[in-house]
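Visitor: sequence unknown, structure follows:
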């Protein structure tokens with residue numbers, strides 16, 4: 001032990017520990033690369049102004065590192081449509097940046113106008129017809145919830161308008177959900193907050209119930225008919241006609257089995273449904289929403305009784321002569337000449353796979369009457385150079401012709417040209433985010449036959465999940481496109497965003513929502529029919545010499561420009577509005593639809609009356625006769641005094657100046673008063689706003705001969 005102690009005593013004393021000699025240890029900081037910030041453009045929609053201004057203000061307006069002129073450049077690049085027109089003409093300078101901001105704030109930043117725009121969105125929500133349309137229900141809830149949040153951010157709580165919105169919102173829901181909400185929301189707690197809570201619970205329950213099964217049961221169960229879970233538009237198929245077992249035509253186009261009674265007998269023997277022609281169920285239990293393309297009845301078009309004559313083949317979509325009542329037959333000199341060109345064809349058929357065509361559902365509206373809107377199906381075809389719309393859709397929207405184009409159309413599989421005149425119309429389409437665009441289209445009588453939504457299995461294509469499709473993919477039905485978008489408008493409607501995988505269809509993002517294209521495997525349990533879709537292969541302008549008859553007809557149409565249509569329209573309005581009251585016939589003035597405003601002409605009439613009085617004052621006898629005629633017309637009710645224009649109950653007030661016409665050669669009426677309906681100040685005159693009516697020259701000549 002002493003040896004150990006001696007050894008320890010010889011060791012040097014320990015050095016005191018100092019933390020100052022330690023070098024600091026630096027911990028590496030991991031910084032994630034943030035994605036590039038992209039600001040959305042602003043097109044003038046009042047409902048989108050608040051979100052646009054908040055993002056622009058945070059990223060650009062309040063950024064001290066940016067120069068003022070750079071901020072102005074960013075602002076101009078983010079504006080579109082009406083917003084861009086608001087600051088048009090301002091030079092790119094530092095001083096004009098604040099001016100541009102003030103102009104935009106004054107026009108689009110008004111709280112009252114923004115609130116009104118959000119309320120218009122709530123009032124114009126699309127109704128959902130069935131509780132099985134889960135995507136539409138989710139879209140309705142999300143749109144309502146986001147709009148209510150925007151109003152709350154403006155300081156407008158839902159309690160201030162919920163009592164008025166609730167009954168309007170309830171009517172947009174299917175009857176099943178109305179009943180569910182009525183059961184769960186008591187009468188004393190009836191408000192929008194509780195209604196949306198119950199609606200959200202119902203929508204989430206249906207979304208959970210529609211989720212795909214990941215595991216199969218361990219035992220084998222007897223399988224019934226597989227009902228479709230998702231559906232999409234197809235133009236090719238696996239099996240064709242169920243009557244003659246051929247694959248080159250649809251059942252409605254079968255020429256071997258033409259009798260309706262014979263077709264019904266074969267459907268019964270094969271155990272097929274009279275609505276969708278699929279085996280395994282009857283029409284009473286059919287869940288398809290298909291209807292007859294001829295009479296809209298609850299049966300397939302191949303067994304329609306009104307279709308007594310069989311079709312020999314599919315009719316190509318050629319334009320027909322004749323115009324609708326809303327389309328003028330005259331020529332518009334402002335319409336540019338049509339240039340002939342070649343177009344491609346959209347056609348595909350397959351024996352094992354289905355080809356998905358690019359179809360979207362949009363809301364179209366009349367630019368002159370924005371309230372006249374309707375839902376239409378649009379077929380996007382990059383193989384067609386021109387864009388078309390059916391005449392029936394033009395009639396329903398009340399579109400007016402902007403002119404005509406003489407074209408020569410050659411269709412797929414044909415060497416004969418079809419010469420016709422297509423009217424040019426313009427309409428508006430509602431896009432996402434409350435935007436809209438204008439399209440110029442050619443009118444045709446027919447685009448294609450009704451096309452069928454076929455059932456595909458989206459479980460095989462996970463890249464298509466959680467996409468907001470333009471057409472809800474939860475039911476099967478037949479649709480008939482009324483608009484075809486060609487290459488002249490095609491690329492302006494696509495955003496460029498694509499979702500695709502190694503196999504399966506491709507999803508394209510458009511201004512209307514996501515649409516599908518490409519090939520996809522069809523469920524074995526779904527019956528399919530081959531549908532051939534062809535479009536215009538060539539459209540040429542007609543430049544060859546016209547016959548004498550055609551020249552004379554064109555000359556007459558040019559001479560009677562704006563008269564033929566007006567005659568028919570005025571005669572129709574006269575027959576609808578004429579009535580007999582107080583011993584005389586009364587009819588309203590034939591106003592033109594294009595006449596929006598009419599000046600009152602008060603100051604003009606006052607000046608002309610003053611000049612007339614000065615001229616007549618030199619002849620007291622003439623002035624007395626003029627005054628007598630005025631008083632006589634006043635007594636007969638031909639003219640009426642206007643005591644106070646502000647309290648007048650009529651919709652329009654318009655004063656007509658008048659003057660005298662002297663005819664000394666007349667034995668009876670030497671002086672008569674003429675009212676000048678062509679007088680105008682700034683804007684159209686009364687004659688410009690009224691139809692001229694039919695010509696009476698021929699009728700006068702006939703009266704002379706009869707006399």
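Guide: Happy to help now that I have it. Please read these numbers as outputs of a predicted model, since none were measured by experiment.

Visitor: mean confidence score for the strand ranked longest in the chain?
Guide: Identified as the longest strand of the chain according to DSSP state E is strand 418-430. The pLDDT scores in strand 418-430 average 83.

Visitor: tell me which helix or strand comes right after it.
Guide: Once the chain leaves strand 418-430, the next helix or strand it forms, by DSSP states H and E, is strand 436-444.

Visitor: angle of that next one against strand 418-430?
Guide: Inter-element angle recorded for strand 436-444 and strand 418-430: 160 degrees (by axes from the mean of the first three to the mean of the last three Cα atoms, to 10 degrees).

Visitor: what is strand 436-444 packed up against?
Guide: Using 3 or more Cβ pairs under 8 Å, 6 or more residues apart in numbering; DSSP states H and E, the elements in contact with strand 436-444 are strand 388-390, helix 391-397, strand 418-430. C-beta here means a position set from N, CA and C on the backbone, and glycine is covered the same way.

Visitor: so can I have a markdown table of those showing mean neighbour count and distance to residue 653?
Guide: Formatted as a markdown table, the helices and strands packed on strand 436-444 follow (neighbours: other Cβ atoms under 10 Å; distance: least, Cβ to Cβ, whole Å):
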| stretch | mean neighbour count | distance to residue 653 |
| --- | --- | --- |
| strand 388-390 | 24 | 39 |
| helix 391-397 | 19 | 32 |
| strand 418-430 | 20 | 32 |
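
Visitor: so can I have TSV of the ones you listed showing distance to residue 111?
Guide: Shown next, in TSV, are the helices and strands packed on strand 436-444 (distance: least, Cβ to Cβ, whole Å):
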stretch	distance to residue 111
strand 388-390	39
helix 391-397	34
strand 418-430	25
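
Visitor: so what's residue 61 closest to, chain neighbours aside?
Guide: Nearest in space to residue 61, with sequence neighbours left out and distances taken as Cβ to Cβ, 6 or more residues apart in numbering, is residue 71 at 6.4 Å.

Visitor: mind checking pLDDT for that neighbour?
Guide: Residue 71 carries a pLDDT value of 88.

Visitor: that one: what's it in contact with?
Guide: 60-61, 63, 97 (Cβ atoms under 8 Å, 6 or more residues apart in numbering).

Visitor: likewise residue 80?
Guide: If you count contacts by Cβ under 8 Å, 6+ apart, residue 80 has them with 41-44.

Visitor: before we move on, back to that, closest to residue 484 out of the helices and strands packed on strand 436-444?
Guide: Proximity to residue 484 (Cβ to Cβ) singles out strand 388-390 among those, at 4.6 Å.

Visitor: okay, now the sheet partners of that closest one, with direction.
Guide: strand 436-444 (parallel), strand 483-485 (antiparallel) (DSSP bridges).

Visitor: same list (the ones you listed) but as JSON lines, adding mean neighbour count and mean pLDDT.
Guide: As requested, those are exported to JSON lines (neighbours: other Cβ atoms under 10 Å; pLDDT from 0 to 100):
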{"stretch": "strand 436-444", "mean neighbour count": "19", "mean pLDDT": "87"}
{"stretch": "strand 483-485", "mean neighbour count": "25", "mean pLDDT": "90"}
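
Visitor: would TSV of the ones you listed with distance to residue 662 be doable?
Guide: Listed next are the strands paired with strand 388-390 as TSV, based on distance: least, Cβ to Cβ, whole Å:
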stretch	distance to residue 662
strand 436-444	53
strand 483-485	61
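
Visitor: nearest to residue 37, of these?
Guide: Within these, the stretch nearest residue 37 is strand 436-444; the backing value is 26.4 Å (Cβ to Cβ).

Visitor: okay, strands next: where are they in the stretch 151-300 of the chain?
Guide: In the stretch 151-300 of the chain, the segments counted as strands under DSSP state E, counting those that start in this stretch are 231-233.

Visitor: low-confidence regions, it specifically.
Guide: 210-239, 247-248 (pLDDT under 70).
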